[in-house]
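J.: Just to be clear, the model below is a prediction. Sequence and coordinates:
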Amino acid sequence: MRILVTGGAGFIGSALIRHLINDTDHEVLNLDKLTYAGNLESLREVENHPRYRFLQADIGDQPAVSEALHSFQPDAIMHLAAESHVDRSIDGPAAFIQTNIVGTYALLEATRAYWSKLDEPRRQAFRFHHISTDEVYGDLHGADDLFTETTPYAPSSPYSASKAASDHLVRAWQRTYGLPVLLTNCSNNYGPYHFPEKLIPLVILNALDGKALPVYGNGQQVRDWLFVEDHARALLQVVTRGAVGETYNIGGHNEQKNLDVVHAICDLLDELQPRAAAGSYREQVTFVTDRPGHDLRYAIDASKIERELGWTPAETFPSGLRKTVRWYLDNLDWCRRVQDGSYQRERLGAPREQQA
């Protein structure tokens, strides 16, 4: 297949592209605007592969997207481009509305025009896969409750509201125009190449720098943690084997309280890279004022994707977290280049399109 991936320089997108290039025979066009969270260094190992090419473009630029579709002739689109950081959405929601809602609309319209002109066999085989989040469901209050594919939407933040809106647009384009779509809603991802503003890499790097390890509120918020490479495998299963019009929840079967996640990172660092001063990294934990509208608990029922597509996560939380901490310890140069912004400065002179 020829697969166009939007947002492929981001955390999940780059993991997906590495999987597609390293483990399959699919061709990939990575279309990414390269905002602050887009980092082509995450794709260094595949950047010269003959089945990979990169185009710097905004999903909201419908003519540019239409030109890319006409040139690349994809058999599927996997749409991951999004603004995704909750705190940033609270401080400045406009970018989330523009990218996640207006951008998805523009992408859908460009896709519909492209798809409508395909010959009938290709029209039938084409797929538009929209990658979303479990945050559209709001939060859970019962200890045993789980999000299913039919859980009503109740987003709590500007970020999750914008993703909920994009989900509705994708479904509407299928029902109104017949566009063959698939949707997935995933739980919290973690793993290598994660942008350092997110919880797990932030804690790792702050700990190593001797800084405070901030925990919102009392740290009792529960998240279901999904190793990003497991997620990439699931996404490929959905786009190649999923039923048109269906939604699949993807979770890691790894519910953890935020405070327990922070403590687990501290314990791994105590083992793998002990502090120069005596004592545990746990001594750096600091409780900070909770974020507005903070959801208490997320948990995914991923039985549908297991039952229908045969996917289950390969990593447990302890095994995945150990791999993640080890990766950050081994790749501190990558982290520092993200933190000081040098990864952005270097790409300014890069060509708009790069093809091996």
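T.: Good, I have the coordinates. Numbers count the residues shown, from 1 in each chain.

J.: gap between stretch 89-100 and the chain center?
T.: Taking the mean of its C-alpha atoms, stretch 89-100 sits 17 Å from the chain's own mean (C-alpha atoms, centre = their mean, to the nearest Å).

J.: measure that stretch end to end?
T.: One end of stretch 89-100 sits 11 Å from the other (C-alpha to C-alpha, to the nearest Å).

J.: In CSV, could you pull the C-alpha coordinates for stretch 242-250?
T.: What follows is stretch 242-250, C-alpha atoms only, in CSV (Å, rounded to 0.1, in the frame of the first residue of the first chain):
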residue,chain,number,x,y,z
GLY,A,242,-10.6,-3.0,10.2
ALA,A,243,-14.2,-2.7,9.0
VAL,A,244,-15.2,0.6,7.4
GLY,A,245,-17.2,2.9,9.7
GLU,A,246,-16.0,1.1,12.8
THR,A,247,-14.3,2.6,15.9
TYR,A,248,-11.6,0.6,17.8
ASN,A,249,-10.4,1.6,21.3
ILE,A,250,-6.7,0.9,21.8
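
J.: Work out for me the element Leu179 sits within.
T.: Taking DSSP states H and E as the definition, Leu179 sits outside all helices and strands.

J.: For the nearest residue to it once chain neighbours are set aside, pull up the helix or strand it's in.
T.: Nearest residue to Leu179, sequence neighbours excluded (C-beta to C-beta, 6 or more residues apart in numbering): Trp173, at 4.6 Å. Backbone N, C-alpha and C define where each C-beta goes, glycine included. Here Trp173, judged by DSSP H and E, is contained in helix 158-177.

J.: what is the orientation angle of whichever helix or strand comes after that helix with helix 158-177?
T.: Later in the chain than helix 158-177, the nearest helix or strand by DSSP H and E is strand 181-186. On the basis of axes from the mean of the first three to the mean of the last three C-alpha atoms, to 10 degrees, strand 181-186 is oriented at 160 degrees to helix 158-177.

J.: Please report the distance of the residue nearest to Leu179 from Ile59.
T.: According to C-beta to C-beta, to the nearest Å, Trp173 and Ile59 sit 14 Å apart.

J.: Name the residue in these two with the higher neighbour count.
T.: More crowded of Trp173 and Ile59, by other C-beta atoms under 10 Å: Ile59, with 25 against 22.

J.: sorry, back to before: let me see the contact set for the residue nearest to Leu179.
T.: Residues counted as contacts of Trp173 (C-beta atoms under 8 Å, 6 or more residues apart in numbering) are Leu108, Arg112, Phe128, Leu179, Val181.

J.: and the two most separated of these?
T.: Arg112 and Val181 (10.6 Å; C-beta to C-beta).

J.: Compare these two (neighbour count), which wins?
T.: Between Arg112 and Val181, Val181 has the larger neighbour count (other C-beta under 10 Å), namely 26 against 16.

J.: Show the residue spans covered by the strands in the stretch 201-350 of the chain.
T.: For the stretch 201-350 of the chain, the strands defined by DSSP state E, counting those that start in this stretch occupy 213-216, 222-227, 247-250, 255-257, 285-288.

J.: what's the longest one packed up against?
T.: Right, the one you point to is strand 222-227. Counting contacts by 3 or more C-beta pairs under 8 Å, 6 or more residues apart in numbering; DSSP states H and E, strand 222-227 packs against strand 188-190, strand 255-257, helix 258-272, helix 317-330.

J.: again, 7 Å this time
T.: strand 188-190, strand 255-257 (3 or more C-beta pairs under 7 Å, 6 or more residues apart in numbering; DSSP states H and E).
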